[in-house]
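In: What shape does this take:
(2 chains)
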Amino acid sequence: MSLNTKKIVIAVIGLFFLGALLIVGGIESNKRVLGKKAYIKVSATSEDCVSCHTFTSPSLIEQWRDSKHALKGVGCMECHATDPGDKDAWEHEGALVTVVVSPKDCSKCHANENDQFQASHHADAGKIIGSLDNVLAEVVEGNMGRLSLNGQSPAAISGCWQCHGSVVKIMADGRPDPATWPNTGIGRINPDGSKGSCSACHSRHRFSVVVSRQPDSCGKCHMGPDHPQKEIYEESKHGIAFKAFKQDMNLDAQPWRAGIEYSAAPTCATCHMSATEELPVTHDVGMRISWNLRPPVSEKIDAKAIKAGERVVSWEERRENMQAVCMKCHAENYVDGFYLQFDSAINLYDEKYGKPTTSIIKMMKAGKVLTATNFDEELEWTYFYLWHHEGRRARHGASMMAPDYTQWHGFFEVAERFYMHFVPQVRTACEDKIHRGGEVATAAKLVLAELDSILNREEHRWFLGKMPKDEKNRRKLAAEEFEKRYAQ
Amino acid sequence: MEEMKALTNEPVPNHLKHWWFALGGTPAILFFIQIVTGIFLLFHYVPTPEQAYGSVAKISDEVPFGWYVRSLHKWASELMIVTVMLHMSRVYFTGAYRKPRELNWMLGVIILFVTLGLGFTGYSLIYDQLSYWAAVVGTEIAESTPVVGPLAADFIRGGPEISGNTLTRLYVFHVVIFPALLAGLVALHILIVRLNGVTEFEFEGERRAKHRTFPLFPDHILTETILAILILYVLTMMTIIFPAGLGDRADPLMTPEHIKPEWYFFASFRWLKLTNVYLGVVGQIFFVGVIIAWPFIDKIFENKFPGVELSVWVGFFGFSFYLILTVWEALV
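Out: Below is the predicted model:
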């Protein structure tokens, strides 16, 4: 090859190389949008949103940039776009958008997750109108009149609804009513009619599974005096292990299966939702729960549906699901033993306190010994504390292995509430009505007779001084031993 | 000045005008590309089990042109191994390893294995499932080597099992020890070429040239420039069409269904599957020994059976055997 030919060859392949570099440049620029991070490609309309919101709400955009959505090209309009006919359609900078992204919107890509969620108790969390809690927030604690926001009680707006979900109302200008929005309550009722809010657990705009797998995510609502699941979890061996070995939890793994991707500890999501080698992941959080420990008297989770003539997955099957998760870490005997302990604690609460107090209150309401108005008498508050706070603490504590919540925050306080408050208050209320005479007096006498029969049961008779002699002696001896041991 | 000119502009023998005689310079060009792209990758790569995979993902996804540099590094490594093998084949089949060039042949074989070592360690650093498990299998094979195996495996792993130490060690091998070794070996290799002179060939049917040599500059340098641009062009097209991918994050608890090393170890992997581990490893050590000592073995054969081109047949069957095993492993 002559020198000149070589030079021509160099020029030709040099041009080819430059052409290839141009393609590389083209690929690179396609992978970038405005802002710091690269490799993000979104639609032109979404780019318009990003270019403006990068300055008006920079962290929101940065969070989105760190999301899987951004990497996969899911931009703003893929979720926020809406049709002209939609109730919540709002024209913003030339685009028709909605601020309320509902599970229906998410279901365009996450259909299975939405189907599971819609079948769950979570989806119905917004249907609290008519509950005692609702009366508290709207009437007892709050006000829907002169102290309201757009006719709604601030106690409900900032309290109950932020967990249970609001019914989002759209005003005439297409913007949501501030009494009902912002809201990420899990049972939110959306303008498009769908139930729920995915961002309740998958906090926007990063939508990271790491967040939703954190016990703290559930703890936003499942905590406090009436259902301290988060605190119970933290007290349990499960929570302790999680705190100690959080770095080994592989929280962003996909899939995320106990015993495979991680084995250090379970979180709420592990037991109630996440996949195992055999079980699929589920967004119906009730699929592994066998008891409903919410009401004054516990019931199996399928009881309501059976009463309504519906066919649902049986509590036995749900329990088997949960046990299959337990057995990723525990042996079968251990799991069976735990469930026997748990069931016996629930039975104790129901039989000793839940059923007796509920039957007494029902009798008193029916016989007008108590007024029809809720929470206007001390006994109603006492009863509410007993089942709604202390009774649940005892039951939830037993359900998730938290001894202190079961005992001191639970059964101890239930007992104190029952013997020191409930019983005397029932007696006082009945005696007062008997003193006044009339029809109510008859009802009050029946209530007292019922109370008497309850207190004469084997589990309560100690309170009447009727403990059997042999038991009394046995306890006396044990007490003397104890005193001797500790020189008290 | 004149001395300098004489030193840098040594006349190049005519046969180097044939393109297949440029195969020695090609890996050197690729090695240079590897050093440059490798340095860029070093800016972002984090050699810890927790962050290795994430940093590779970051290079591919976030760092500007990171995907391009990483893909160039990957494809240049593959091409480097191919061209080293082709260069060796050329040297072998033209008998250029014979006296007085035995030492340079042996150096060349070591260069091949250092290059393969760079490939193995580099692949392991990605820390996705396949790369992790390739490292596991690789170190287990090393462990089966008689006498020194367990010690060598422990040394590479930094302990009896794959751990954070292993990644650090593979990293040090990949970015310090092997490149330094390779640079030294290549320098020595070229120096010996200069001392021995390039083997001169004359081809049948070629008109006897007036001059037996041609100038290094500009003639041969232009040839190498053509090669360099061509390599960059081919590599860039490969990165565009097949950018370097990334599998699932390495999971020490889950062995993937199919563990595969990089293609250049396919033959070795297939051989191990065909034999037991001990024979597999000892067989390969024997094979390597024969390649290294081939100039001397060839001499013995030549003296015993003069006129028989035994080396051609041995080379043909040896190379075919390697290819068959490679293709076999690729197909299953």
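In: Got phi/psi on the closest residue to chain B within the stretch 301-450 of chain A?
Out: Per C-beta to the nearest C-beta, residue A:328 is where the stretch 301-450 of chain A lies closest to chain B, at 12.9 Å. (C-beta placed from N, C-alpha, C; glycine too.) When read as degrees, to the nearest 10, the backbone of residue A:328 gives phi -70, psi -20.
In: Just say helix, strand or coil for the nearest residue to residue A:117 once chain neighbours are set aside.
Out: Once flanking residues are discounted, residue A:117 sits nearest to residue A:283: 4.2 Å by C-beta to C-beta, 6 or more residues apart in numbering or on different chains. The three-state assignment at residue A:283 reads coil, by DSSP: H, G, I helix; E, B strand; the rest coil.
In: From chain B, how far out is residue A:283?
Out: 23 Å (C-beta to the nearest C-beta, to the nearest Å).
In: I'd assumed residue A:120 was in contact with that residue.
Out: Yes - with contact defined as C-beta atoms under 8 Å, residue A:283 reaches residue A:120; the gap is 6.6 Å.
In: Flag every residue of the stretch 151-300 of chain A that's near chain B.
Out: Contacts of the stretch 151-300 of chain A with chain B, taken as C-beta under 8 Å from any C-beta of the partner chain, map to A:253, A:260, A:261, A:263.
In: now those residues as a markdown table including neighbour count and pLDDT?
Out: Shown next, in a markdown table, are those (neighbours: other C-beta atoms under 10 Å in any protein chain shown; pLDDT from 0 to 100):
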| residue | neighbour count | pLDDT |
| --- | --- | --- |
| A:253 | 17 | 88 |
| A:260 | 17 | 88 |
| A:261 | 20 | 88 |
| A:263 | 16 | 93 |
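In: Does residue A:276 belong to a helix, a strand or coil?
Out: Following three-state DSSP, residue A:276 is assigned to coil.
In: OK, contacts around it?
Out: A:257, A:258, A:259, A:324, A:325, A:328 (C-beta atoms under 8 Å, 6 or more residues apart in numbering or on different chains).
In: and if you look at residue B:56?
Out: Contacts for residue B:56 (C-beta under 8 Å, 6+ apart) come out as B:45, B:70, B:125, B:126, B:127, B:128, B:246.
In: let's see it at 7 Å
Out: Listed by C-beta atoms under 7 Å, 6 or more residues apart in numbering or on different chains, the contact set of residue B:56 reads B:45, B:126, B:127, B:246.
In: okay, and for the stretch 1-150 of chain B, where does confidence drop off?
Out: Scanning the stretch 1-150 of chain B for pLDDT under 70 picks out B:1-24.
In: How many residues are close by whatever residue of it ends up closest to chain A?
Out: Chain A sits closest to residue B:61 of the stretch 1-150 of chain B, with a gap of 4.2 Å, by C-beta to the nearest C-beta. A count of nearby residues for residue B:61, using other C-beta atoms under 10 Å in any protein chain shown, gives 16.
In: quick one: it from residue A:52, how far?
Out: Using C-beta to C-beta, to the nearest Å, one gets 25 Å for the distance from residue B:61 to residue A:52.
In: Distance from the chain centre to the helix or strand hosting residue A:335, please.
Out: Assigned by DSSP states H and E, residue A:335 belongs to helix A:332-349. Taking C-alpha atoms, centre = their mean, to the nearest Å, one finds the center of helix A:332-349 at 23 Å from the center of the full chain.
In: cool, and stretch B:277-297?
Out: 18 Å.
In: Show the contacting residues for residue A:367.
Out: By C-beta under 7 Å, 6+ apart, residue A:367 lies in contact with A:440, A:443, A:444, A:446, A:447.
In: ok so residue A:11 is a helix residue?
Out: Yes - applying three-state DSSP, one finds residue A:11 inside a helix.
In: and chain B, which residues reach chain A?
Out: Within chain B, the positions lying close to chain A (C-beta under 7 Å from any C-beta of the partner chain) are B:61-62, B:64-65, B:68, B:218-219, B:222-223, B:225-226, B:229-230, B:232-233, B:236-237, B:240, B:253-254.
In: Could you tell me which ranges of chain A sit under the pLDDT cut-off?
Out: Counting by pLDDT under 70, chain A has low-confidence residues at A:1, A:30-41, A:488.
In: Going along the chain, name the strands of it.
Out: Using DSSP state E, the strands of chain A run over A:90-92, A:95-97, A:291-292, A:299-300.
In: For chain B, give me its nearest residue in the stretch 201-350 of chain A.
Out: At 6.3 Å from chain B, residue A:260 is the closest residue in the stretch 201-350 of chain A, using C-beta to the nearest C-beta.
In: and residue 131, backbone torsions?
Out: All of this is about chain A. Per-residue torsions, residue A:131: phi -80, psi 160 (degrees, to the nearest 10).
In: hmm, I had chain B in mind actually
Out: Backbone torsions of residue B:131, given as degrees, to the nearest 10, read phi -70, psi -40.
In: So what's the residue count around it?
Out: Counted with other C-beta under 10 Å, the neighbours of residue B:131 add up to 23.
In: And for residue A:393?
Out: So residue A:393, with other C-beta under 10 Å, has 28 neighbours.
In: Please apply the same query to the one 10 residues further on.
Out: Summarising burial for residue A:403: neighbours were counted as other C-beta under 10 Å, giving 12.
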